[in-house]
Every structure is written in C-alpha cells, then in structure tokens.
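Novice: here's my sequence, what's the structure:
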Amino acid sequence: MRIRLSDIPTTVRGHVFGLILVYVPLAVWAFPQSRPVVVTGIATIFALTYLVKPIPNPSGGSTFPNNSVKIVAALVWMPQEVLIGVALGSCLGLLLFRKYTWWLAVMNGATWGLAAGAATLAAHLVIPTAPTIADLAVAALIAVVTNRVVNESTFSVYQSRRFGHPYLPTWLHNIFDQWPSQIFAAPMGIVLATLAVRTGSPLWALALTGVSAIALPIPRQELAYYHRAREMLGEIVEAVVRAMEGIDPRTRAHGDRVGTLAADVGRRLGMPEEFLRAVQLAARLHDVGILAGPAGSPTPEDRAPIGGRILARFPDPMVAQIVRGHHERWDGQGVPDHTRGNAIPLGARIVAAAEIYDCAVEGLPPYENPLSPQEAASHLLSLAGTVLDPKIVITLLRAAAEQRTELDAAG
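Specialist: Residues are numbered from 1 along each chain as shown. Prediction:
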C-alpha cells in the first residue's frame with residue numbers, strides 16, 4: 001500500500017520537510033563547484049544500483065547493498081559532487097525501480113546524499129596528495145563510520161517520530177547493527193578506488209565507480225546468507241521456546257519481557273550489538289532447564305546449570321555462558337560455581353536482575369503476589385551489593401521507569 005504524505009503524522013511531515021530545508025541550500029551551494037559530467041555519472045550509477053533487489057532490514061525498511069559504490073565515491077570524488085549525485089541518483093532509482101512514493105524517495109535521497117557527502121568530506125581530510133592503498137583503507141574506514149553515524153542518526157529520528165521508538169536506544173541499535181553489510185563491501189571498494197585515483201581521468205574513474213555497481217550482486221548475496229543464518233538461529237530459538245511453553249505457558253511472555261529489558265540495560269551500558277543479541281537470546285532461554293524434567297522440576301536454581309549444558313552446542317557460546325551463570329550472586333553465594341562480583345559474566349548479571357524484576361512485578365515464583373513498580377524497585381535496591389550488581393540495578397530501574405513512561409504515553 002502506497003502511503004501518501006497527508007496520511008502520516010505531522011511530526012513525520014516536519015521531518016521530511018526539515019531534511020529538504022537542510023539539503024536544498026547545501027545542494028545550491030555545491031552545484032557551481034561541481035563538474036556536471038561527474039554529478040551526472042554518479043547520479044546515473046546510483047540510480048542503477050536500485051535495480052539490485054534490496055534485503056529486508058531487521059531494524060525496519062530495507063537494506064540496499066550499495067556500500068561499495070559509496071566507498072568508491074567517497075574516496076574518488078569531491079564532497080559536493082557526491083552530495084548531489086548520490087541524492088539525485090537515489091531519489092530517481094527509488095522512484096523508477098522500487099516504485100517508492102515521492103516523499104519517501106525524496107526523504108531517503110536527501111538522507112543518503114547528506115550522509116555520503118559528510119563521509120566524503122571526512123575521508124578527504126585524511127587522504128594525502130599521492131595516496132597509497134593503506135591511506136585509502138584508512139580513509140574508507142572513516143567514510144564508512146561517518147556515513148553510518150549520519151545516516152542512522154536521521155533514520156532514528158524518523159523511526160522515533162513515525163513509530164514512537166525511543167531515540168537513543170534506537171540510534172544505538174541502528175549504529176551497531178548490520179555491520180557485515182559494511183565489511184563485505186569495503187575491500188572491493190578500496191581496490192577500485194585505488195585504481196580510479198591512479199587513472200587521473202574522470203571518465204575512467206566513473207567507469208571504475210560503475211564497476212563497483214555492476215558487482216553489487218556479490219555483496220548482496222553474502223549479506224543475504226548472513227541474514228538467513230540469523231533467521232535460522234531465530235527459528236531454533238522459537239522451537240525451544242515452544243517446547244518450554246508446553247511445560248509452563250508463562251515462559252514465553254516472561255522470557256520476552258526479560259529479554260527486552262535486559263537488552264535495553266545492555267544498550268545503556270554501551271555493549272556492542274552482538275552482545276545485546278546474545279543477552280536477549282539467553283533471556284528468552286534462561287528457563288530452558290525445565291526441559292530436563294516434568295513440570296515443576298528441576299528447581300529454578302538447578303535450571304541454570306542444566307540450561308547451560310543443554311545450550312552447550314548452541315551456535316553462540318555466550319548464550320550458554322549467560323544461562324549457566326544467571327543464578328550466581330554478587331556476594332559469591334550463588335549457584336552453580338559460587339562466582340563473585342565482576343567475575344560473573346556481565347550478561348548473566350543483567351539477565352539475573354531483569355528476571356527478578358519481572359518476576360516481582362508479574363507475581364511469578366518465588367513471589368506470591370505482584371509488586372507495584374515502586375515496590376519492585378525498592379526490592380531490587382535491597383538486593384544490590386549482595387545478590388545483584390549495584391550498577392546494573394540502577395541502570396535497570398532507569399530503563400524500566402522509561403519503558404513505563406513510554407507505555408503510559410502510548411496508552
């Protein structure tokens with residue numbers, strides 16, 4: 001279904017027009033300083049990249065695997081030429097080949113043009129007069145990071161205004177997610193940029209930029225395999241959760257809540273995306289030890305080491321480590337290994353606090369009745385320094401309070 005601009009919230013329309021108001025003056029300034037043949041060539045190349053089918057992005061929207069072309073453009077051409085060429089080409093490609101509505105095409109074109117222009121400017125600050133391939137590799141890294149930060153900053157504002165997602169956690173998630181799409185593209189982009197720089201001819205350099213676009217199906221296929229592997233991992237977890245749900249119907253909802261809260265805590269602590277993913281999976285599976293016996297057996301304390309053994313061959317070994325250690329105590333009186341303080345895996349400390357908080361507010365064992373959020377907060381504070389990591393307790397309570405505020409606002 002094609003969504004018209006008039007159908008979206010006023011705040012989103014403000015975001016679209018705000019991007020246009022930022023981009024247009026920059027483009028007007030940049031155009032007289034650009035070579036028309038280069039701008040036309042970049043725009044044509046980027047428009048044609050949208051013939052390559054995108055890949056669904058778990059963060060929302062689609063991933064267009066044209067990062068190798070952006071790397072070549074950032075290393076070879078001037079920032080003002082990239083600013084105009086990427087925006088114009090992206091807008092035309094989305095309109096012609098992906099059938100986007102005009103406002104989505106304009107919004108994405110302006111966003112990607114601004115990000116690519118900033119990346120090019122950052123790269124050119126470190127490229128010497130006669131660059132080596134090592135110089136261009138460093139510049140490519142700077143360009144990739146700059147493009148990522150600028151692009152995801154804008155995208156996170158859009159997600160916040162369109163869907164009500166909290167900005168900072170969304171931004172951090174978007175920044176750290178999808179890095180394989182950058183890694184797959186970098187080597188080819190650096191090699192082609194090295195050749196293009198050494199030709200000394202704008203037409204040959206445009207041709208080499210075009211070669212990076214012709215080769216896009218290769219990184220796209222690699223990225224598709226990566227996403228498929230993640231999907232298969234999710235299917236494995238879903239099958240295990242269903243088995244747990246057959247023994248205790250509360251395990252799915254409990255695990256999902258603990259996972260959401262634990263991931264939020266990890267994100268606030270600045271943990272990388274791979275760590276957050278492992279924590280969320282471990283939280284969903286932290287009671288997997290119940291599969292070792294009939295309902296009600298083994299005890300919650302015994303489930304941790306049993307769950308660690310069940311997950312020993314799980315594709316991500318950190319998940320088993322977190323599940324095994326989430327009943328350890330900060331004072332060393334926990335199970336199964338009596339590990340103390342920071343020696344307890346960080347993920348296990350986070351899941352432990354999130355599990356206790358959720359059990360308290362939901363009235364799950366060992367709590368006979370649900371506690372109010374204020375009572376649960378007081379209870380967790382009483383456990384800080386003995387059962388739980390004090391730093392994680394403070395971070396978790398802040399995260400839980402903000403989640404309640406967002407839910408109240410949505411309600």
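
Novice: residue ranges with poor pLDDT in the stretch 101-250 of the chain?
Specialist: Along the stretch 101-250 of the chain, the model assigns pLDDT under 70 to residues 165-166, 169, 173, 177-185, 215, 217-231.

Novice: just the helices in it please.
Specialist: 102-124, 133-163, 167-176, 179-199, 202-214, 217-247 (DSSP state H, counting those that start in this stretch).

Novice: ranking those by burial, who's on top?
Specialist: helix 102-124 (a mean of 23; mean count of other CB atoms under 10 Å). Bear in mind the C-beta positions are built from the backbone N, C-alpha and C, glycine included.

Novice: quick one, which of the helices of the stretch 101-250 of the chain is nearest to residue 399?
Specialist: helix 167-176 (8.7 Å; CB to CB).

Novice: which strands or helices does the closest one pack on?
Specialist: Helices and strands touching helix 167-176, by 3 or more CB pairs under 8 Å, 6 or more residues apart in numbering; DSSP states H and E, are helix 133-163, helix 251-268, helix 273-284.

Novice: so what angle separates the directions of it and helix 251-268?
Specialist: 80 degrees (axes from the mean of the first three to the mean of the last three CA atoms, to 10 degrees).

Novice: and the contacts of helix 167-176?
Specialist: Outside helix 167-176, the residues that touch it by CB atoms under 8 Å, 6 or more residues apart in numbering are 59, 148-149, 152-153, 155-157, 159-160, 264, 267-268, 272-273, 276.

Novice: ok, now with 10 Å
Specialist: 57-60, 145, 148-149, 151-161, 163, 165, 263-264, 266-268, 270-277, 399, 402-403 (CB atoms under 10 Å, 6 or more residues apart in numbering).

Novice: ok, now stretch 31-43?
Specialist: Here stretch 31-43 has contacts from 27, 30, 69, 72-73, 76-93, 116, 202-203, 205-207, 209-210, using CB under 10 Å, 6+ apart.

Novice: tell me the mean pLDDT for it?
Specialist: The pLDDT scores in stretch 31-43 average 95.

Novice: only C-alpha atoms, please: export that stretch in PDB.
Specialist: Extracted in PDB, the C-alpha atoms of stretch 31-43 (Å, rounded to 0.1, in the frame of the first residue of the first chain):
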ATOM      1  CA  PHE A  31      26.300  22.800  -7.700                       C
ATOM      2  CA  PRO A  32      28.500  25.600  -9.100                       C
ATOM      3  CA  GLN A  33      31.600  23.900  -7.600                       C
ATOM      4  CA  SER A  34      30.800  20.500  -9.200                       C
ATOM      5  CA  ARG A  35      31.600  19.100 -12.500                       C
ATOM      6  CA  PRO A  36      28.300  18.300 -14.400                       C
ATOM      7  CA  VAL A  37      29.700  15.200 -16.100                       C
ATOM      8  CA  VAL A  38      30.800  13.800 -12.700                       C
ATOM      9  CA  VAL A  39      27.500  14.600 -11.000                       C
ATOM     10  CA  THR A  40      25.600  13.100 -13.900                       C
ATOM     11  CA  GLY A  41      27.700  10.000 -13.800                       C
ATOM     12  CA  ILE A  42      27.400   9.500 -10.100                       C
ATOM     13  CA  ALA A  43      23.600  10.000 -10.200                       C
END
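
Novice: buried ones in it?
Specialist: For stretch 31-43, burial by neighbour count (16 or more other CB atoms under 10 Å) applies to 34, 38-43.

Novice: and it, how far from the chain's centre?
Specialist: Relative to its chain's centre, stretch 31-43 lies at 33 Å (CA atoms, centre = their mean, to the nearest Å).

Novice: tell me which of the helices and strands packed on helix 167-176 lies nearest to residue 14.
Specialist: helix 133-163 (7.8 Å).

Novice: and that closest one, what does it pack against?
Specialist: helix 10-30, helix 67-76, helix 102-124, helix 167-176, helix 179-199 (3 or more CB pairs under 10 Å, 6 or more residues apart in numbering; DSSP states H and E).

Novice: picking up where we left off before, between the buried residues of stretch 31-43, which is closest to residue 347?
Specialist: Nearest to residue 347, judged by CB to CB, of the buried residues of stretch 31-43 is residue 42 at 44.3 Å.

Novice: so that closest one is in which element?
Specialist: The secondary structure element spanning residue 42 is helix 36-49 (assigned by DSSP states H and E).

Novice: circling back: which of the helices and strands packed on helix 133-163 sits closest to residue 249?
Specialist: helix 167-176 (29.4 Å).

Novice: show me how far the closest one is from its chain's centre.
Specialist: 6 Å.

Novice: before we move on, the earlier item: now list the buried members of the contacts of stretch 31-43.
Specialist: Here, 16+ other CB under 10 Å leaves 27, 30, 69, 72-73, 76-93, 116, 205-206, 209-210 buried among the contacts of stretch 31-43.

Novice: could I get the helices and strands packed on helix 133-163 as TSV with distance to residue 347?
Specialist: As requested, the helices and strands packed on helix 133-163 are exported to TSV (distance: least, CB to CB, whole Å):
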stretch	distance to residue 347
helix 10-30	35
helix 67-76	30
helix 102-124	32
helix 167-176	16
helix 179-199	20
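
Novice: span of stretch 55-73 from start to end?
Specialist: 22 Å (CA to CA, to the nearest Å).
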